[in-house]
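Peer 1: Please find the sequence and the predicted model below.
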Amino acid sequence: MKYELYYWPEIQGRGEYVRLALEEAGAAYVDVARGPRGSGAMMKMMEARKGTPPFAPPFLKAGKLVIGQTANILLYLGARHGLAPKTEAGKLWVHQLQLTIADFVVEIHDTHHPLGPSLYYEDQKPPAKKRTAAFWDERVPKYLGYFEGLLDSNGGAHVIGRRLTYVDLSLFQIVAGLRYAFPRRMKAFEKNIPGLVGLHDRVAARPNIKAYLASDRRIPFNEQGIFRRYRELDA
């Protein structure tokens with residue numbers, strides 16, 4: 001079965017967590033909106049009034065199933081491609097961790113848009129500076145410290161168990177994104193999270209992920225996505 005992934009064609013965004021899982025699994029998929037008339041097809045599915053129309057991308061079409069929300073998609077893919085534990089408790093645990101990552105992603109986005117996405121960044125610079133300072137003083141240590149602790153308690157190789165899960169892939173993306181958006185701040189902070197830095201490097205070196213990162217399927221970080229680089233926020 002070839003999956004159909006629907007997400008905005010210009011950015012990594014929340015769709016990137018799904019792309020990483022599909023690439024690691026070696027699953028056949030098409031990034032629909034990046035193809036001809038793909039964005040129109042994506043909007044048509046969201047505007048449907050029958051079935052289970054998704055609220056927003058990313059969403060995944062798997063046969064007759066249409067699955068929305070990043071964590072929900074990963075819950076589905078993880079069980080089918082060896083990227084989650086086999087037990088119900090284990091599946092729920094990695095799902096819980098992915099939902100925590102989703103909370104963190106919202107906070108990352110809000111560093112540059114603390115007043116909401118309807119305003120341009122230039123219209124909210126002072127609140128963005130204040131939000132970013134609190135983010136790095138309080139929220140980054142809380143979130144990344146939590147995952148660093150899980151890695152350490154599990155022996156350092158993976159967040160849970162002895163095998164890679166989609167949570168490990170998502171944490172790779174978090175580290176990579178923070179390095180892009182806040183190079184100075186992240187460089188100074190990394191001494192506090194050696195386990196996560198090591199996890200990032202191991203994921204990047206995995207054959208399927210390494211090939212993906214070197215391909216044109218990997219959309220570069222840019223100033224339209226979640227991780228945005230504004231020099232004044234990294235001061």
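Peer 2: Happy to help now that I have it.
Peer 1: Tell me the gap between the helix or strand bottoming out on mean pLDDT in the chain and the middle of its chain.
Peer 2: Counting by mean pLDDT, DSSP states H and E, the weakest-scoring helix or strand in the chain turns out to be helix 38-46, with a mean of 93. When distances are taken as C-alpha atoms, centre = their mean, to the nearest Å, helix 38-46 is centred 22 Å away from the chain's centroid.
Peer 1: Likewise for stretch 35-52?
Peer 2: Distance of stretch 35-52 from the chain centroid (C-alpha atoms, centre = their mean) equals 23 Å.
Peer 1: With stretch 138-150 instead?
Peer 2: Centroid separation between stretch 138-150 and its chain, computed with C-alpha atoms, centre = their mean, is 16 Å.
Peer 1: before we move on, what about stretch 133-142?
Peer 2: That offset, for stretch 133-142, works out to 19 Å (C-alpha atoms, centre = their mean).
Peer 1: next one: stretch 228-235
Peer 2: That offset, for stretch 228-235, works out to 20 Å (C-alpha atoms, centre = their mean).
Peer 1: I would like the residues contacting that stretch, please.
Peer 2: Here stretch 228-235 makes contact (C-beta atoms under 8 Å, 6 or more residues apart in numbering) with 111-112, 121, 125, 128-129, 132, 180-185, 221-223. Every C-beta, even on glycine, is put in place using the N, C-alpha and C of the backbone.
Peer 1: List only those of those flagged as buried.
Peer 2: Among the contacts of stretch 228-235, those buried by neighbour count (16 or more other C-beta atoms under 10 Å) are 111-112, 128-129, 132, 180-182, 185, 221.
Peer 1: how about residue 54, what does it touch?
Peer 2: 6, 45-46, 66, 68.
Peer 1: What count of nearby residues applies to residue 213?
Peer 2: As a burial measure, residue 213 scores 17 neighbours (other C-beta atoms under 10 Å).
Peer 1: Would you work out how far apart the start and end of stretch 60-70 are?
Peer 2: End-to-end span of stretch 60-70 (C-alpha to C-alpha, to the nearest Å): 9 Å.
Peer 1: Other residues contacting that stretch?
Peer 2: 1, 3-6, 14-15, 17-18, 45, 51-56, 58-59, 73, 76-77, 98, 102.
Peer 1: Which of the contacts of residue 54 sits closest to residue 34?
Peer 2: Closest approach to residue 34 among the contacts of residue 54 (C-beta to C-beta): residue 6, at 10.1 Å.
Peer 1: surely the closest one meets residue 58?
Peer 2: Yes - Residue 6 lies in contact with residue 58 (C-beta atoms under 8 Å); the separation is 6.4 Å.
Peer 1: Quick check: buried residues in the helix or strand harbouring residue 102?
Peer 2: Under the criterion of DSSP states H and E, residue 102 resides in helix 88-112. For helix 88-112, burial by neighbour count (16+ other C-beta under 10 Å) applies to 91, 93-95, 97-102, 104-105, 107-112.
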